[in-house]
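Colleague: With the input below, show me the fold.
(2 chains)
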2 protein chains.
Amino acid sequence: MKIEYEPIGVVRSPFSKRAGMPIQPSRGKGVQATIELRPKLVAGLADLEGFSHIVLLYHFHHSSGYDLRVIPFLDTEKRGVFATRAPRRPNPIGLSVVRLLRIEGSILYIEDVDLLDGTPVLDIKPYVPDFDEPVDVRIGWLAAVHRRPAESDDRFG
Amino acid sequence: MKIEYEPIGVVRSPFSKRAGMPIQPSRGKGVQATIELRPKLVAGLADLEGFSHIVLLYHFHHSSGYDLRVIPFLDTEKRGVFATRAPRRPNPIGLSVVRLLRIEGSILYIEDVDLLDGTPVLDIKPYVPDFDEPVDVRIGWLAAVHRRPAESDDRFG
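Modeller: Residues are numbered from 1 along each chain as shown, chains lettered A, B, ... in the order given. Below is the predicted model:
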């Protein structure tokens, strides 16, 4: 079974390659970028500016292939790929929660960005704590390492 | 440009139709389900059990087509589709944060579920508050309505 999507827009960001890019929005504070939405979809942006944050789903367009065990950016041991946020995944879909600054026509101005220039955007959703924030969270192997500041390197190509 | 994915597994849940199903995991408390991962991907689950919650990305397989303005389950007014979590979207990708109870072989036991039986799963990621929880969040039109308990009905087919 194949599932086919068509990008709804594209990211324009200061990052043209993965090395040196923040690895998560929380580490990309202040970095600004835009999303150029396909003009025919602009009516779908109504009411979105009331939300301070949006969930972006996008295609890791620089990733190809995957390994089931990978050494994540924040670690030194191999982990199962589904226990990591590594971009080389069976379906290379990325998820980032970013700050929405404003919308002008088909352009969304966003901040706190860990996205490569040219990234195809698959979906935009409002971020809603009541839906998206569970309680009593445990974070496995990341508990020991996740406060380390970190940038990408080129390990995922 | 088309992007093609292949499901990594399938959801088995008590919900065979959308009407009556919880509309978000936070409203599906205690509902249990499983994900049957494709056996060839099992090695990718290593280290995942340390995480209490996972992010599921999946295909809304009962949705077809979309409108750019929709009346969400929680509201009575039309909103831009990207300002809602409605399943009929340009790319019908769903996002749910669910509790991971345990993993047995290729089966993930999950709880707090708002997923239809048979839903094709596209990706599984560890939920990490440091990555996924922004601060100073505003929730737009949902501020007035999002504490209402709610279930799906059949408005999205």
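Colleague: okay, CA-based contacts and neighbour counts for the rest of this
Modeller: Noted.
Colleague: if I read this right, residue A:13 contacts residue A:111, doesn't it?
Modeller: No: here residue A:13 does not reach residue A:111: they are 10.0 Å apart, not a contact under CA atoms under 8 Å.
Colleague: and for the two, which residues touch both?
Modeller: Common contact partners of residue A:13 and residue A:111 (CA atoms under 8 Å, 6 or more residues apart in numbering or on different chains): A:32-33.
Colleague: Give the bridge partners for the closest residue to residue A:128 other than its chain neighbours, please.
Modeller: Using CA to CA, 6 or more residues apart in numbering or on different chains and skipping residues adjacent in sequence, the residue nearest residue A:128 is residue B:139, 6.2 Å away. Judged by DSSP bridges, the bridge partners of residue B:139 are residue A:51.
Colleague: What count of nearby residues applies to residue B:139?
Modeller: By the criterion of other CA atoms under 10 Å in any protein chain shown, residue B:139 has 21 neighbours.
Colleague: contacting residues for it?
Modeller: So residue B:139 contacts A:50-52, A:126-128 (CA under 8 Å, 6+ apart).
Colleague: Most neighbours among those, please name it.
Modeller: Neighbour max across the contacts of residue B:139 (other CA under 10 Å) = residue A:127, 28 neighbours.
Colleague: Surely it and residue A:55 touch.
Modeller: Yes: the pair residue A:127 / residue A:55 is scored as a contact, 5.6 Å apart, by CA under 8 Å.
Colleague: Identify the contacts common to these two.
Modeller: Counting by CA under 8 Å, 6+ apart, the contacts common to residue A:127 and residue A:55 are residue A:97.
Colleague: residue ranges of the strands in chain A, please?
Modeller: With DSSP state E as the definition, chain A shows strands at residue ranges A:3-5, A:9-12, A:32-37, A:53-59, A:69-70, A:79-80, A:93-104, A:107-111, A:120-126.
Colleague: If you count neighbours, what's buried in the third one?
Modeller: Using 16 or more other CA atoms under 10 Å in any protein chain shown as the burial criterion, the residues of strand A:32-37 that qualify are A:32-37.
Colleague: Buried deepest among the strands of chain A, which one?
Modeller: Mean neighbours per residue, mean count of other CA atoms under 10 Å in any protein chain shown, is largest over these for strand A:120-126, with a mean of 24.
Colleague: Against which helices or strands is it packed?
Modeller: Judged by 3 or more CA pairs under 8 Å, 6 or more residues apart in numbering or on different chains; DSSP states H and E, the packing partners of strand A:120-126 are strand A:9-12, strand A:53-59.
Colleague: Any idea how far it is from the middle of the chain?
Modeller: Taking CA atoms, centre = their mean, to the nearest Å, the mean C-alpha location of strand A:120-126 is offset from the chain mean by 10 Å.
Colleague: so what's the residue lying closest to residue A:123 once chain neighbours are set aside up against?
Modeller: The spatial neighbour of residue A:123 that comes closest, neighbours along the chain excluded (CA to CA, 6+ apart), is residue A:57 at 5.1 Å. Residues in contact with residue A:57 (CA under 8 Å, 6+ apart) are A:93-96, A:121-124.
Colleague: Could you list the low-pLDDT ranges of chain A?
Modeller: A:23-28, A:146-157 (pLDDT under 70).
Colleague: Report the central residue of it.
Modeller: Among the residues of chain A, residue A:96 comes closest to the average C-alpha position under CA atoms, centre = their mean, at 3.2 Å.
Colleague: Quick check: closest non-adjacent residue to that residue.
Modeller: In space, residue A:96 comes closest to residue A:56 once its chain neighbours are excluded; the distance is 5.2 Å by CA to CA, 6+ apart.
Colleague: With residue A:10 instead?
Modeller: The shortest distance from residue A:10 to any non-neighbouring residue, by CA to CA, 6+ apart, is to residue A:120 (4.6 Å).
Colleague: ok, back up a step: pairing partners for the residue nearest to residue A:123 in the sheet, please.
Modeller: residue A:95, residue A:123.
Colleague: just to revisit the earlier point, nearest approach to residue A:20 belongs to which of the helices and strands packed on strand A:120-126?
Modeller: Minimum separation from residue A:20 across the helices and strands packed on strand A:120-126 (CA to CA) falls at strand A:9-12, 16.5 Å.
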